[in-house]
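Q: dropping a prediction and its sequence here:
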Amino acid sequence: MSVVGALIHRAYAWIRKAGTITPASPAGYRFRRLGQGASIAFPPGAIFGEQWIEIGDHTLIGERVSISCGMVPGPDLGPDPIVRIGSGCSIGRGTHIVGHQSIDIGDDVFTGPYVYITDQNHVYDDPEIPIGRQWPRNNPVSIGSGSWLGTGAIILPGSRIGRQCVVAGGAVVRGEFPDHSVIAGVPARVVRTYSPQDGWRAPGVAALERPA
């Protein structure tokens with residue numbers, strides 16, 4: 001590597017370190033809560049509405065992750081937090097978390113890159129008005145602690161994912177899913193569940209008989 005190349009790499013490493021958002025950095029103070037040991041990698045994505053965003057201790061937010069509250073910066077969204085990300089989470093690069101009413105992500109939730117999570121969607125109630133001009137509708141989202149969301153998963157408004165769930169890459173999720181589910185497909189459905197007696201198995205498949 002040339003001297004110039006080495007200097008460029010060293011300079012970029014310094015920029016990345018200096019640009020990381022932590023509780024001690026000026027940008028960190030804008031959040032409702034940015035927990036001890038939490039960090040948002042440089043370069044960040046679109047981040048606004050920080051006063052309605054809570055991020056727990058030791059949570060790592062990857063590069064180019066967008067976290068927003070509301071449609072645009074500036075409006076008063078009320079006294080309560082809107083986006084809550086628990087402690088010990090890892091949010092993969094390029095992920096978008098777009099909150100308007102309530103997105104609650106539990107502790108120790110990991111995502112792959114480019115996951116999309118939102119609690120708002122356009123409606124098409126009036127067939128004569130362009131869909132993009134109809135007022136969107138909100139529906140809270142919750143993701144249980146210990147869950148894993150694969151690359152490119154889409155979590156739609158109204159989704160309630162239980163604890164210790166796996167969401168397959170590329171799944172489009174809407175609805176309620178119990179603890180210890182494997183969720184896959186478009187639209188997503190439960191493809192495996194867990195019980196202490198039978199372990200992991202597909203829904204509707206009888207458990208193997210155990211020898212006496």
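A: Here it is on my side, so go on.

Q: buried ones in the worst-scoring helix or strand of the chain on mean pLDDT?
A: Least confident helix or strand, the chain: helix 3-19 with a mean of 77, by mean pLDDT, DSSP states H and E. By neighbour count on 16 or more other CB atoms under 10 Å, the buried set for helix 3-19 is empty. The way it works is simple: take the backbone N, C-alpha and C, and place the C-beta from them, glycine included.

Q: could you dump that helix to CSV, C-alpha only?
A: Below are the C-alpha coordinates for helix 3-19, written out as CSV (Å, rounded to 0.1, in the frame of the first residue of the first chain):
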residue,chain,number,x,y,z
VAL,A,3,2.0,6.1,1.7
VAL,A,4,-0.9,8.2,0.4
GLY,A,5,-3.2,5.2,0.6
ALA,A,6,-2.2,4.5,4.1
LEU,A,7,-2.8,8.1,5.1
ILE,A,8,-6.2,8.0,3.5
HIS,A,9,-7.1,4.8,5.4
ARG,A,10,-5.9,6.3,8.7
ALA,A,11,-7.8,9.5,8.1
TYR,A,12,-11.0,7.6,7.4
ALA,A,13,-10.6,5.5,10.5
TRP,A,14,-10.2,8.7,12.5
ILE,A,15,-13.3,10.2,10.8
ARG,A,16,-15.3,7.0,11.6
LYS,A,17,-14.3,7.1,15.2
ALA,A,18,-14.9,10.8,15.6
GLY,A,19,-18.3,10.6,13.8
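
Q: what are the bridge partners for Glu176, then?
A: Glu176 has these beta-bridge partners by DSSP bridges: Arg160.
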